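S.K.: Kindly return the folded structure for what I paste below:
(chains A and B, ligands or ions: 2)
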Amino acid sequence: MAGKVDTSLPLEYQTHQDRMNILGFWVFLGAEIVLFATLFASYFILVDRTAGGPSGADIFHLKEVLINTFLLLTSSFTAGLMIREMRNHNLKGMLILFGITLLLGLGFLSVEIYEFTIFVDKGAAIGTSAFTSALFTLLGTHGAHVSLGIGWGILIMIQLVKRGLTPTTARKTFIFSLYWHFLDVVWIFIFTFVYLKGMVM
Amino acid sequence: MGVLGAGTGHQFFVTGDPLILASQIAIGLTILGIVGGLTYFKKWRWLWTEWLTTVDHKRIGILYILAGVLMFFRGGVDGLMMRLQTSRPEMEFLNSQHYNEIFTTHGIVMILFAAMPLLIGIMNVVLPLQLGARDVAFPWLNALSFWLFFVGAMLFNISFVIGGSPDAGWTSYFPLAGKEFTPGIGNNYYAVALQIAGIGTLATGINFIVTVLKMRAPGMTLMKMPMFAWTSFITSIIIVAAFPIFTVALLLMTMDRLFGTHFFTVAAGGEPMLWLNLFWLWGHPEVYIVALPAFGMFSEVISTYSRKNLYGYSTMVWSIITIAFLSMIVWVHHFYTMGSGPAVNSFFSITTMLIAVPTGVKIFNWLFTMRKGRIKFTTSMLWALAFIPCFTIGGVTGVMLAMAAADYQYHNTMFLVAHFHYVLIPGVVFAVFAGLYYWWPKMFGFTLNERIGKWHFWLFVIGFNMTFMPMFFVGLDGMSRRMYTYSAGLGWENPLMFSFIGSLVLAAGFAAMVYNIYWSFRYAKRGVDHDPWDARTLEWATASPVQAYNFAKIPEVKSTEAFWDMKKEGTHTLKESEIEKIHLPSNSGVPFLLSVAIGIVGFFLVFEWFIPAAIAAVLIIVGLIVRSFDYDEGFYVSVDEITKTEKKWRGDL
Ligand code: HEM
Ligand SMILES: [Cu+2]
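M.R.: Ligands and ions are numbered 1, 2, ... in the order given. Next up is the predicted model:
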């Protein structure tokens, strides 16, 4: 519903439908929390069941993990800046930051895939043990979310270019940023409870 | 057995069993009949524009109900076959493998593809109307939810003719459900089809939560919401809390079966008990996902036909919330015997028994609602009345099962089967019937026939008790669950024969319902009043059947029984000057096509044909892109048109 813009509200909160979409996305994130919590729980149950194969300490490498953490955290930061530019109605700055966010995400994915090949080289394939199954599934689910986010983000960028900054494109960008921050939070848990714990214990 | 197609050891078309051959022919003829009929009557366009692309919550609700009734039939035939098979000792109607497949599909079909859609269907029709809203929060997503559910259900249902049915029970415990012990593709169907349908359900949960939070009519605080809206709301919350667990469980199952991981295997460190825990962490709340909306329906029906407001409204609300909370912490009662230890078992024993308290509160509230009421014994009300004693039997036997120590005696016996049917059938199926008779005029503009309805009622209730009561006794007598045959002389023959006869009576009751629907479509008087039962909540404030936009003017709410007040004050009228144009969303074919694409990918995954699956997945991506670029803003219904529609049912404005 195009129309006048109410300047007392952020652009993405203009219509009733926009507000509902954002709330709906929060509820969806609630479901995502349950989903990842279940994956983490399964991982913790299976983490010591290496069936004679490699354990976390054998395969984890601090270097890749730190690079990845840096890439994803930075991308979450640039996503935040992107929303700031959106609030300032600066479409160009917004697009640049959006692009950087997605590129950082792509970097993260490439490192993650590279890391997976290292795991396999060290004899830890997905079917090696219950531990590796849980590890690859947890990381893979997060990685699949990142991939989906990149594709989704590209679609929104195209719409921003084509339509400019409207309440609808603003709402879509805002929801995307919620999603992106969420993936970052999940990663922090993975970093702490999978990698650090795996390397220390 | 002939092998056609796939060379991986299973056959593509299942052949060699006369029962299955007969179903194949029947399915073929039905499809021919439908396609032929649509072509002959030139109805393809109508089907597409009115139904396949609809985003109207009322129509989506009707689609859900239709699918639910069909699936109830399928599950019912499975049930009859099981009862026939055990009606005599050493019976050779079904072999053990076929029996395994049938109790597996029966359980899943009944719970996920019959009970769920019937309830969600009624919720779809009624919830926005009770809230005084024009629609659900996300109409497009609502259509997607339905089609995902439907595609999942169909994918599951073709299993018995294409590739073979799942056969590890509706609970599909590992290691039995793993590749090692069930190498065929039947259990792949389980993993993939339930995943697709489950995601649809999750989306419904999100949709209804936002609908309740954001679309209530002005003045309707949460504590003024009708009881059915409350139960739908809490059910949606449980869906969002529990279904992701099932999503993960099925994902891990898929990984184990299709990609060689070791989550639940015994080899390579997998843990079968992880499956049990994840399954029941979802599975027990699922029982309340189906029970709570049913309780809401009984509340509406009992209060309307007792001609009184609901007794103890706020205790009702609190008891639902308590049940929802407790439902999340009882799951271990499904496997007391699997070595959790006394402390764990005791904890879950106590939480399980606690659920009886809020449930008992609700029963007393219903009884007090009826007390001193001027009860009208309509068919809906009869279902509600029969529910109370039958469900109480289910509840009491449930408390018996909750005692961990005693459960070592009943675990996985027919006693359990009797118990959960005494909860599920009165608590869900009776409620759905009550709800259908009650809300039918809202959906179709005519009432179901009350006289055939009474036949439906008595046959079904008597048949139900005859079928399931004997199971308590053979269960206590040692007959275990999922047994396909037994020797003579155990003393089970007579009760099991009685149970079989009962199931035929039950089936006759179902047939009476189908006949009632048919009869009423042909002969029932049309143009029924918008408020035929002199009811109390907002859905009755608008036309029957309901117009596309639900309410010409959004009602203002002052109490729980908004419409009752309006009637007393004479304020449910509409002035011509109050009419404004109304915004509605446009139809869309994307939810249907996207779901079909997902179904195709699912089908390839079931057969482990990964390259076709990857290719077909492109269709899903295309669908998502189309959706992302869709800026259709809907359309407006003009003041003229609204005026005309409203005049038609209100008389003059
Ligand atoms: C048409 C009436 C029905 C009949 C005759 C019937 C009969 C049966 C029988 C004989 C079994 C036990 C199979 C065995 O363990 O050997 C069974 C299991 C089951 N039934 Fe029903 N049933 C009926 C309706 C329903 C309904 C309405 C529901 C749910 C809403 C339902 C849910 C289940 C479930 C979940 C199981 C457990 C399956 C398993 O053991 O995995 N049934 N039913
Ligand atoms: Cu339970």
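
S.K.: Chain B against ligand 1: which residues are in contact?
M.R.: Taking CB under 6 Å from any ligand atom as the contact definition, chain B meets ligand 1 at B:76, B:79, B:82-83, B:103, B:106-107, B:110-111, B:115, B:169-171, B:417, B:421, B:424-425, B:428-429, B:467, B:481-482, B:503, B:506. Using the backbone N, CA and C atoms, a C-beta is placed for each residue, glycine as well.

S.K.: now with 5 Å?
M.R.: Contacts of chain B with ligand 1, taken as CB under 5 Å from any ligand atom, map to B:76, B:79, B:82, B:103, B:107, B:110, B:115, B:169-170, B:417, B:424, B:481-482, B:503.

S.K.: Kindly indicate which of those lies nearest residue A:50.
M.R.: Residue A:50 lies nearest to residue B:169 out of the residues of chain B next to ligand 1, by CB to CB, at 30.7 Å.

S.K.: The residue nearest in space to the middle of chain B: what's it in contact with?
M.R.: By CA atoms, centre = their mean, chain B has its centre lying nearest to residue B:116, at 1.5 Å. Residues near residue B:116 by CB atoms under 8 Å, 6 or more residues apart in numbering or on different chains: B:68, B:149, B:201, B:289, B:290.

S.K.: The same query, at a cut-off of 10 Å, please.
M.R.: Counting by CB atoms under 10 Å, 6 or more residues apart in numbering or on different chains, residue B:116 touches B:64, B:67-68, B:71, B:110, B:149, B:153, B:197-198, B:200-201, B:204, B:239, B:286, B:289-290, B:293, B:428.

S.K.: quick one: what helix or strand has it in it?
M.R.: helix B:116-131 (DSSP states H and E).

S.K.: And for residue A:49?
M.R.: Going by DSSP H and E, residue A:49 is not part of any helix or strand.

S.K.: any idea which helix is longest in chain A?
M.R.: In chain A, taking DSSP state H as the definition, the longest helix is helix A:130-163.

S.K.: got the buried residues for that one?
M.R.: Using 16 or more other CB atoms under 10 Å in any protein chain shown as the burial criterion, the residues of helix A:130-163 that qualify are A:130-139, A:142-143, A:145-146, A:149-150, A:152-153, A:155-157, A:159-160.

S.K.: gap between it and the chain center?
M.R.: Here helix A:130-163 shows a centroid-to-chain-centroid distance of 7 Å under the convention CA atoms, centre = their mean, to the nearest Å.

S.K.: and the angle for the helix or strand just after it with helix A:130-163?
M.R.: Where DSSP H and E defines the elements, the next helix or strand beyond helix A:130-163 is helix A:167-189. Helix A:167-189 and helix A:130-163 are oriented at 160 degrees to each other (axes from the mean of the first three to the mean of the last three CA atoms, to 10 degrees).

S.K.: Run through the neighbouring helices and strands of helix A:167-189.
M.R.: Under the contact criterion of 3 or more CB pairs under 10 Å, 6 or more residues apart in numbering or on different chains; DSSP states H and E, helix A:167-189 touches helix A:16-46, helix A:62-87, helix A:91-121, helix A:130-163.

S.K.: Which of those sits closest to ligand 1?
M.R.: Across these, ligand 1 has its closest neighbour in helix A:16-46 (22.6 Å, CB to the nearest ligand atom).

S.K.: pull the helix or strand with minimum mean pLDDT from chain A.
M.R.: helix A:197-200 (a mean of 90; mean pLDDT, DSSP states H and E).

S.K.: That one vs chain B: in contact?
M.R.: No. Helix A:197-200 lies out of reach of chain B by CB under 10 Å from any CB of the partner chain, never closer than 15.7 Å.

S.K.: Mind listing what's buried along that helix?
M.R.: Neighbour-count burial for helix A:197-200 flags residue A:198 (criterion: 16+ other CB under 10 Å).

S.K.: I'd like to know which elements it is packed against.
M.R.: If you count contacts as 3+ CB pairs under 10 Å, 6+ apart, helix A:197-200 packs onto helix A:56-59, helix A:62-87.
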